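[1] with the sequence up front, the predicted model follows.
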Amino acid sequence: TERPFAVKVSVRQYWRLLATYLKPQGRRAAVLGALLLLSIALQLAAPRVISRFIDRAIAGDSLNQLIVLAGFFLALAVLTQIVNLAEVWVAENVGWTATNNLRSDLALHVLRLDPAFHNAHTPGALIERVDGDVSKLGNFFSRFVVQVLGNGLLAIGIFIFLFRIDWRVGGAIVLFAILSFLIINSLRDVAVPHWAAEREASSRLFGFIEERLGGTEDIRAAGATAYVMRSNHERARDFMRKRLKAVVVGSASWASSFLMFAIGTAISLGLGAWLYRDGAISIGTVYLIYQYSNVLSRPIEQISRQMQDLQQAGASVGRIQEILATESAIEDGPGVTLPADGALAVEYDAVSFGYTVDEPVVRDISFRLAPGTVLGLIGRTGSGKTTITRLLLRLYDPTAGTVRIGDVDIRQFRLADLRDRIGVVTQDIQLFQASVRDNLTFFDSDVDDARIIATLRDLGLSRWLDALPEGLDTQLASGGGGLSAGEGQLLAFARVFLHNPRIVILDEASSRLDPATEQRLERAVDRLLAGRTGIVIAHRLATVRRADQIMVLEDGRIVEHGPRAALAADPDSRFAGMLRTGQDLVPDDDESVGAAADVSEVRA
C-alpha cells in the first residue's frame with residue numbers, strides 16, 4: 001500500500017517546479033508574455049472604441065465616421081482572436097514540453113529506485129503518478145503564472161481608466177476587486193485534501209485494474225471473475241465518491257466568483273446611472289464603466305479557475321514531490337574501476353539478508369568463484385537461490401557480510417558499471433512493443449546490424465530472422481506475442497551476447513521445450529558461459545553438467561558446496577543422492593519424465 005503524504009504544498013515547491021521546467025524555455029515564455037501584454041492592450045482598447053461610437057452616434061456624426069469606428073472595432077476584434085489563438089498555441093507548447101520533461105525525470109527517478117520501493121507500489125499506481133499527476137500540472141506550467149500575472153495587469157489597467165473617469169467609480173470598483181480577491185484567496189487550499197484523496201483513489205483503482213489484467217488467465221481458471229468485478233466496482237465507486245466531493249468543494253471558488261460578478265455588475269450600473277443623472281458623464285461613458293466592470297470580472301473568473309486548478313495541482317505536486325524525495329536504499333558507489341576484459345572473480349563473505357528485518361532469507365553465505373568458474377545453485381523454491389544473485393546485482397544490499405568482485409566490495413563500484421559487467425537471463429522474458437532490433441539492443445543505436453545478425457545466426461535463429469517480414473525492423477508485440485517460448489529465450493540470450501558481460505547469471509527455464517529448441521538453448525548456454533564467470537540457478541539435473549561447482553541451499557543456508565565431480569563421486573553427498581534417484585532439482589510433475597535420462601549426463 002502507498003504511504004500517505006502531506007497535502008499542504010508550499011509556495012516554494014510551486015516555484016521550484018516552475019523554475020526547473022520553465023527556465024529552459026525562456027524564449028517561448030517571453031513570447032507568451034509579449035502576447036499576453038498585447039492581449040491586455042486589445043481588451044482595454046475595444047470598450048473605448050464602442051464608448052466613442054455611442055457618444056458620436058448620439059452627437060449625430062456622419063455615417064462615414066461611424067463606419068470608420070465600426071471598422072476599427074472589427075479590426076481589433078479580429079486581431080484579438082489571432083493573438084488569443086497564438087497565445088493558446090504557445091502556452092500549450094510550453095505546457096506540454098514542461099510536463100513531458102517532468103514526466104521523463106519522474107519515470108527515470110522511479111526506475112532508479114530499489115526493488116523494495118517497487119514492491120510497496122503497484123505498477124498501476126506508479127503509472128498514475130508519472131502520467132496522471134503530471135498531466136494535472138499541464139495548465140499550471142502553461143497558464144498559471146501567465147494568467148495570474150496577465151489578469152493582474154489587466155485589472156490594474158482597468159483601475160487606471162476607471163479612476164480617470166471618476167475617482168468614486170475607481171474607488172468602488174477597486175474595493176470590490178479587493179474583496180473578491182480575498183474571498184477567492186481564502187478558498188485556495190479548501191479542496192486540496194479532497195483532490196489528494198481523489199488522486200489516491202485513482203491510483204488504487206488503476207493499480208487494481210493493472211494487477212487483475214495481468215492475471216486474467218488465473219482469475220478465469222479459478223472462477224474468481226465475479227469477485228474481481230465486485231472489488232473493481234467497490235474501488236470505482238470509492239473513486240467516484242471522492243472525485244464528486246472534490247469537485248463540489250472545489251466549485252465553491254467558482255460559485256463565489258459568480259456572486260462577485262453579479263455584485264460588480266450592480267455596482268457599475270448603479271454608479272453609471274447616478275453619474276449620468278448628475279450630468280457628470282455621457283451615455284458612452286456609462287457603457288464604458290459597465291463594460292470595464294464586465295472585463296474585470298473576466299480576470300477574477302480566470303483567477304478563480306486558476307486557483308481551482310491550483311488546488312488539483314497542489315495534490316499532484318505533493319504526490320510528485322513525495323516520489324522525487326524518495327531516495328533509493330541502494331547508494332551509488334564512489335566509482336572504483338572494474339576490469340573491462342576477462343572473467344571476474346566473485347566472493348561472498350558471511351553474507352546474510354532478509355527482505356524484512358525479522359525474516360532472513362539467506363544466512364551466512366560464504367563462497368568464492370575463481371574467474372571463469374561456473375557455479376550451479378540447487379535448492380527448493382524459497383531456499384534463497386534468486387536472492388543470492390540479486391545481491392550480486394546490488395538490487396539489495398546484504399544486512400551482514402560483503403559481496404566482492406575481484407577482491408573489491410561491490411559497493412565501491414558505480415551501479416551502472418557493476419550492472420554493465422553482469423548479464424542476466426531470467427525465466428520471465430520481457431519483450432517490448434518495439435522492433436526486433438530495439439528489443440535486442442535495449443534501444444542502443446550504437447549496436448550495428450551486422451553484429452546483431454551474426455549473433456542471431458550463431459544462436460540458430462537464421463530461419464526465424466529470414467522469415468521476418470521486415471527483418472530487424474519487424475515490430476514485436478508487447479510480452480512477445482507470436483513468439484514461442486524457445487524463441488523468446490533465445491532472444492534473451494542474444495541480448496546478453498550483445499551486451500558481452502564478464503559475469504553471467506542464468507535462471508534456467510523450468511518448462512520443457514521441444515528437442516530441437518532444447519538443443520539450440522543448450523548450445524547457447526555453452527557459448528554464453530565460455531570464458532565467463534557464471535552462476536546458474538538450476539531446475540533440472542541436465543543443466544548442472546556444465547557447472548564446475550555445485551552449491552545446495554536449504555532454508556537460506558549452504559548445506560553442501562564443492563566441485564561437481566567430487567560431489568557426484570561422494571555417495572554420502574546430497575547431490576549424489578539426487579543423481580541416484582533422478583530427482584529433479586525443483587519438483588515438477590511435468591518434468592519428472594526424462595529426469596533419469598539426465599543423470600548419466602551429469603555424472604560425466
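    Looks like it arrived, so ask away. Residues are numbered from 1 along each chain as shown.
[2] for the stretch 301-450 of the chain, what spans make up the helices?
    Counting by DSSP state H, counting those that start in this stretch, the stretch 301-450 of the chain has helices at residues 385-392, 415-420, 436-441, 449-458.
[3] residue 355: which of those is closest?
    If you check each of the helices of the stretch 301-450 of the chain against residue 355 by Cβ to Cβ, helix 385-392 wins as the nearest, at 8.1 Å. All C-beta atoms are positioned from the backbone trio N, CA, C, and that covers glycine.
[4] now tell me what touches the closest one from outside.
    115, 346, 348, 351, 353, 361-362, 365, 377-379, 396-398, 403, 405, 410, 422, 424, 503, 505, 507, 535, 537, 553, 556 (Cβ atoms under 8 Å, 6 or more residues apart in numbering).
[5] residue 504 should be in a helix, yeah?
    No - counting by DSSP: H, G, I helix; E, B strand; the rest coil, residue 504 is not found in a helix; it is strand.
[6] check contacts around residue 66.
    Taking Cβ under 8 Å, 6+ apart, one finds 53, 56-57 in contact with residue 66.
[7] now, among those, which is nearest to residue 529?
    So of those, ranked by how close each gets to residue 529 (Cβ to Cβ), first place is residue 53, at 89.1 Å.
[8] tell me the SS of the closest one?
    Going by three-state DSSP: residue 53 is helix.
[9] could I get the pLDDT score of it?
    The model reports residue 53 with a pLDDT of 85.
[10] picking up where we left off before, just so I know, which of the helices of the stretch 301-450 of the chain lies nearest residue 561?
    Shortest distance between residue 561 and the helices of the stretch 301-450 of the chain, using Cβ to Cβ, is found for helix 385-392: 12.1 Å.
[11] count the residues that sit near residue 167.
    10 (other Cβ atoms under 10 Å).
[12] what pLDDT does it get?
    86.
[13] also residue 189?
    63.
[14] ok, now which ones touch residue 529?
    Shown in contact with residue 529 (Cβ under 8 Å, 6+ apart): 374, 504, 506, 536, 546.
[15] leaving out the residues flanking it, which one is nearest to residue 179?
    residue 260 (7.6 Å; Cβ to Cβ, 6 or more residues apart in numbering).
[16] element containing the one you found, please.
    helix 225-277 (DSSP states H and E).
[17] any weak-confidence spans in this structure?
    Along the chain, the model assigns pLDDT under 70 to residues 1-11, 184-189, 253-254, 257, 304-305, 308, 311-312, 480-482, 509-514, 582-604.
[18] could I get the full set of strands for it?
    Listed in chain order, the strands of the chain (DSSP state E) span 346-353, 362-369, 374-379, 400-405, 408-409, 422-425, 503-507, 533-537, 549-554, 557-563.
[19] buried among the contacts of helix 385-392? Need that as a selection in ChimeraX.
    In ChimeraX, this line selects whichever of those come out buried by 16 or more other Cβ atoms under 10 Å:
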select :346,348,351,353,361,362,365,377,378,379,396,398,403,405,410,422,424,503,505,507,535,537,553,556
